[in-house]
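# model the structure of this input:
(2 chains)
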Amino acid sequence: MTDKKSIGKIIFIISVILISEFVISLFIGQYPLEIRNLLSGDRQSWRVFMTLRLPRTCMAVMGGFGLGAAGMVYQTVFRNPLASPDIIGVASGASAGAAFAILFLPASAFFVTLSAFAGSVIAVVTALVLASAASGNDKTSMVLSGIAVHALAQTALMALKITADPEKQLASIEYWIMGSLNAITIKKLPSVAVVLSVSLVAVFILYRQVLLLSADEEEAALLGVSVGKMRAAVLLLATLMVSSVISVTGLISFVGLLAPHSARLITRDNRMPTFVCSGIIGACILTAADMFARGVFSGELPLSIFTSLLGAPFLLYLLMRKDGKNG
Amino acid sequence: MEKMDNEKFFYAENISGGYGKNKVIDDISFSLNKNSLTAVIGANGCGKTTLLKFIANLLKHEGSCYLKGERLEGLSGRRISQMISYIPQKSGISISLPVREIVLMGFNPVLKMLERPNKKHFAAAQNALETVGIGELYDRDFLTLSEGQKQLVFLARTLVEDSSLLLLDEPDSALDFKNRYHILSILKDMVEKGDRAGLLCLHDPALALEFCTQLILIKGGKCIDVIDKNKDSLEKMNEAFKNIYDRISLSKCTDSKGKEHIAVLWEGKA
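Model prediction:
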C-alpha cells in the first residue's frame, strides 16, 4: 500500500515521462522536423506540425489514457485480471461495424468511424440486455452473454470478409483491425475528446461505486449499491471510452489489459490515484508505440505490434520486481 | 395482523420460497430479540443461506419480515442497506485496498452519490477498527490480512454501518479455533451494546450454544425446533438436536472460573 505522498510522486514521474514522450513524438516521423525551422516560421514545417504531428500525438495520449482507464474499470467490475474490453464484445463489435462500412457505405473515414462506434456500442448494449434478461444481476450471465455477442460479432466479421473484394476491401478491413494513428486529422479529435472526457468524468464521480462492485453481489447490495444498474452504467461508460478511441484508430490491443496491471503493481492499490495512473501509463504506452510505428521503418507499421512489444516486457519487469520484493 | 407483534424487535412470518419450482424454505416464522444473537443451525444445503437472503430481500419470497415495526418487503434496496448489514462467509473483495477503505464502505448506504467520506467518517472508521481490536491495521492492504483479521474488518465495517439487524453467513467457516471464539465474542458484545439484533448461520452447535440465546433448527427447509437457551431444559435441547445430528448429546460442565457451559458430545455412528 502506498501513502499519499508516494502516490503523488509516482503520478509526477509518469507524467514527466509522458510529457517527454509527447515532445519527442512531435519530432519523429518521415518528414524531418526541427525546432529551428518552426521558430523561424517555416511554413512547410508548421503545416506538418499542425496537420500531422500534433493531432496524431494528441490522439495517442488521449487514446492511451482512455484505454488504460477503461481497462481498469473492466478488471475491477468483472473482478477478473484478464478482463479486457473484448470480454463483452467491444472490439469485435467495432471490427464488424468497420468492416460493414468499408463494404457497404460510401468510402469515407467518417462512415467507418461512425459504423465502428455504433458496432461496438450495439454489441455491448446487446450483451447487457441479454444478461439482464437471463437473471437480475448475475455477473456470470454478464460474462457469458458477452462471450456470445463477441462470437456473433466475429461471425458477422467473417461473413463480411468473405464477401469483401480481396484486393482492396479485405486489405482495408485487415489494416483497420491492426490499428494505426496514421489517418488522424485535427478534425477527428474534438468528438473523441468530448466522448472521452464526459465518460471519464462520470467514472470519476462513480468511482466509489466501482470499487464497491468488486465485492460480492450480496455484500455490495447490502452496502447500498443497486448492483445490476450500477454495473451496467459503469460498463457502458467504459465502453464509450474504448469505442470513441478505437472507432478512430482501429483495434489497439493490450493497452487496456496492461496499463491497469502496471499501475497496480506500482501503487499496490486500486483507488482513484491508481485509476489515474492506469490512464497515464496507457497514454505512455500508446505514445511510445506510435513513435516506433512510424519511426522504425520508412513506412508505417501497425500500432498493435508495438503496444504488445513494448508492453509485455514492461509488465514482466514489474512482475519480477514484485516477486523480488515479496520473496 | 400488522403491528400485533409490535414489541418484537424483528420477526419473520411464514417465509417460503426457493429457486424456480424448487422450494428451499418452507413456511418459517421466528422472531429475534433486541441485544441478542440467534443462530440458524442445520446441515449443509438445508436452506440457511437462502433464509438469510430472503430476510435481506435479496431474493423474492413469500411471507413478510418486520424490523422495528417496518415491513422489509417493499422497501428500497438503499433503505434496506441502511437497516441491515451482511457479513459474508468469505470476503468477495479480491483487489488491493487499504483496510480503512473497506471499513469506509460501510458509510455507502448513507452517503449521497456525489458525497465523499469526510474526516468524521475516517475517524469513525479508525474508531471502529480499534473497537474490534485491530486499530493498527488501518493502513494495511486488505488482501494481505489473515481470514480472521478480514472478518474483524467486516465487523468494524458493520459497526460504522450502525444497522439494526446483522446477518452473518457462517462467519466462522474460514477461522481457526481461537479466532472463532474471539470473533463471536466481539460480535456478541456489539449486539449487546447497540440497538440491534444478530442472526447467524453456524455449523458448530457448540459455538451456537456458547454465544447465542436462541437457536433455530432447520431441516429440509423447515423449522423443526426453536431452542431458547435460557429457558429450555437440557433434555429438550438434546431431543431437538438429535433431529438434526442423530447421535449427539449435550452436557453441562463448568470451566476453571466456575462458569457453566454446554458441551456437545458426539456419540459415534449409529
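# what ranges does chain A have for its helices?
For chain A, helices defined by DSSP state H occupy the ranges A:4-26, A:35-39, A:43-47, A:54-77, A:90-104, A:109-134, A:139-163, A:169-178, A:189-212, A:217-221, A:227-249, A:255-267, A:272-295, A:303-326.
# likewise the stretch 51-200 of chain B?
Using DSSP state H, counting those that start in this stretch, the helices assigned to the stretch 51-200 of chain B run over residues B:77-83, B:99-104, B:119-131, B:147-161, B:177-193.
# how far is the second one from where the chain is centred?
Right, the one you point to is helix B:99-104. 21 Å (Cα atoms, centre = their mean, to the nearest Å).
# if you look at it, does any of it touch chain A?
Yes - counting by Cβ under 8 Å from any Cβ of the partner chain, chain A is contacted by helix B:99-104 at B:Glu101. Any C-beta I mention is one placed from the backbone N, CA and C, and that applies to glycine too.
# who does that helix touch, helix- and strand-wise?
If you count contacts as 3 or more Cβ pairs under 8 Å, 6 or more residues apart in numbering or on different chains; DSSP states H and E, helix B:99-104 packs onto helix B:119-131, helix B:147-161.
# CA atoms of it as PDB?
Below are the C-alpha coordinates for helix B:99-104, written out as PDB (Å, rounded to 0.1, in the frame of the first residue of the first chain):
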ATOM      1  CA  VAL B  99      -8.300  -1.600   5.300                       C
ATOM      2  CA  ARG B 100      -9.800   1.800   6.100                       C
ATOM      3  CA  GLU B 101     -11.300   1.900   2.600                       C
ATOM      4  CA  ILE B 102     -13.200  -1.400   3.300                       C
ATOM      5  CA  VAL B 103     -14.500   0.000   6.600                       C
ATOM      6  CA  LEU B 104     -15.500   3.200   4.900                       C
END
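# please work out the average pLDDT along that helix.
The average pLDDT within helix B:99-104 is 94.
# again with stretch B:193-207
In this model, stretch B:193-207 has an average pLDDT of 92.
# could you work out the end-to-end span of it for me?
Start-to-end span of stretch B:193-207 (Cα to Cα, to the nearest Å) is 20 Å.
# could you do stretch B:249-265 as well?
Terminal residues of stretch B:249-265 lie 5 Å apart, using Cα to Cα.
# any buried residues in that stretch, and which?
Of the residues in stretch B:249-265, those buried by neighbour count under the rule 16 or more other Cβ atoms under 10 Å in any protein chain shown are B:250, B:262, B:264.
# can I get the residues you listed in CSV with distance to A:Val112 and pLDDT?
Formatted as CSV, those follow (distance: Cβ to Cβ, whole Å; pLDDT from 0 to 100):
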residue, distance to A:Val112, pLDDT
B:Leu250, 76, 89
B:Ile262, 75, 89
B:Val264, 72, 89
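# need the residues of chain B near chain A, please.
B:53, B:56, B:58, B:77-78, B:80-82, B:84-86, B:88, B:91-98, B:101, B:105-106, B:108-111, B:113-114, B:116, B:139-141, B:161, B:167.
# tally of neighbours for the closest residue to chain B within the stretch 51-200 of chain A?
Going by Cβ to the nearest Cβ, chain B is nearest to A:Arg79 of the stretch 51-200 of chain A, at 5.7 Å. Residues within reach of A:Arg79, counting by other Cβ atoms under 10 Å in any protein chain shown, total 16.
# which of the helices of chain A has the lowest average pLDDT?
Least confidently modelled of those is helix A:303-326, at a mean of 74 by mean pLDDT.
# is it anywhere near chain B?
No - Helix A:303-326 stays clear of chain B (Cβ under 8 Å from any Cβ), getting no nearer than 9.8 Å.
# so what does B:Asp139 have for phi and psi?
phi -100, psi 0 (degrees, to the nearest 10).
# quick one: low-confidence parts of the stretch 101-250 of chain B?
Along the stretch 101-250 of chain B, segments meeting pLDDT under 70 are nowhere present.
# which single residue of it ends up nearest chain A?
Closest contact between the stretch 101-250 of chain B and chain A, by Cβ to the nearest Cβ, is at B:Pro109 (3.5 Å).
# identify the residue spatially nearest to that residue, adjacent ones excluded.
Leaving aside its sequence neighbours, B:Pro109 sits nearest to A:Gly224 (Cβ to Cβ, 6 or more residues apart in numbering or on different chains; 3.5 Å).
# what about A:Leu144, how many residues nearby?
Neighbours of A:Leu144 under the rule other Cβ under 10 Å: 15.
# contacts only, for it.
A:Leu144 sits next to A:131, A:134 when contact means Cβ atoms under 8 Å, 6 or more residues apart in numbering or on different chains.
# near chain B, which residues of chain A? Just list them.
A:1, A:3, A:76, A:79, A:205-206, A:208-209, A:211-212, A:214-219, A:221-226, A:264, A:268-271.
# among these, which ones are buried?
A:1, A:76, A:79, A:206, A:208-209, A:211-212, A:214-219, A:221-226, A:264, A:268-271.
# neighbours of the residue of the stretch 101-250 of chain B closest to chain A, how many?
Close neighbours of B:Pro109, defined as other Cβ under 10 Å, add up to 22.
# and it, its phi and psi?
phi -60, psi -20.
# B:Asp162 is in contact with that one, correct?
No - counting by Cβ atoms under 8 Å, B:Pro109 does not reach B:Asp162; the two are 9.7 Å apart.
# for the closest residue to B:His182 other than its chain neighbours, give me its contacts.
Nearest non-adjacent residue to B:His182, counting by Cβ to Cβ, 6+ apart: B:Gly148, 7.3 Å away. Listed by Cβ under 8 Å, 6+ apart, the contact set of B:Gly148 reads B:175-176, B:179, B:182-183.
# ok, 10 Å please
Contacts for B:Gly148 (Cβ atoms under 10 Å, 6 or more residues apart in numbering or on different chains) come out as B:134, B:172, B:174-176, B:178-180, B:182-183.
# residues that sit against both of B:Pro109 and B:Asp162, list them.
With Cβ under 10 Å, 6+ apart as the test, B:Pro109 and B:Asp162 both reach B:82, B:85.
# in JSON lines: the helices of chain A, plus distance to B:Gly18.
Supplementary listing: the helices of chain A in JSON lines, determined by distance: least, Cβ to Cβ, whole Å:
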{"stretch": "helix A:4-26", "distance to B:Gly18": "48"}
{"stretch": "helix A:35-39", "distance to B:Gly18": "74"}
{"stretch": "helix A:43-47", "distance to B:Gly18": "72"}
{"stretch": "helix A:54-77", "distance to B:Gly18": "29"}
{"stretch": "helix A:90-104", "distance to B:Gly18": "37"}
{"stretch": "helix A:109-134", "distance to B:Gly18": "19"}
{"stretch": "helix A:139-163", "distance to B:Gly18": "19"}
{"stretch": "helix A:169-178", "distance to B:Gly18": "48"}
{"stretch": "helix A:189-212", "distance to B:Gly18": "28"}
{"stretch": "helix A:217-221", "distance to B:Gly18": "17"}
{"stretch": "helix A:227-249", "distance to B:Gly18": "21"}
{"stretch": "helix A:255-267", "distance to B:Gly18": "40"}
{"stretch": "helix A:272-295", "distance to B:Gly18": "41"}
{"stretch": "helix A:303-326", "distance to B:Gly18": "45"}
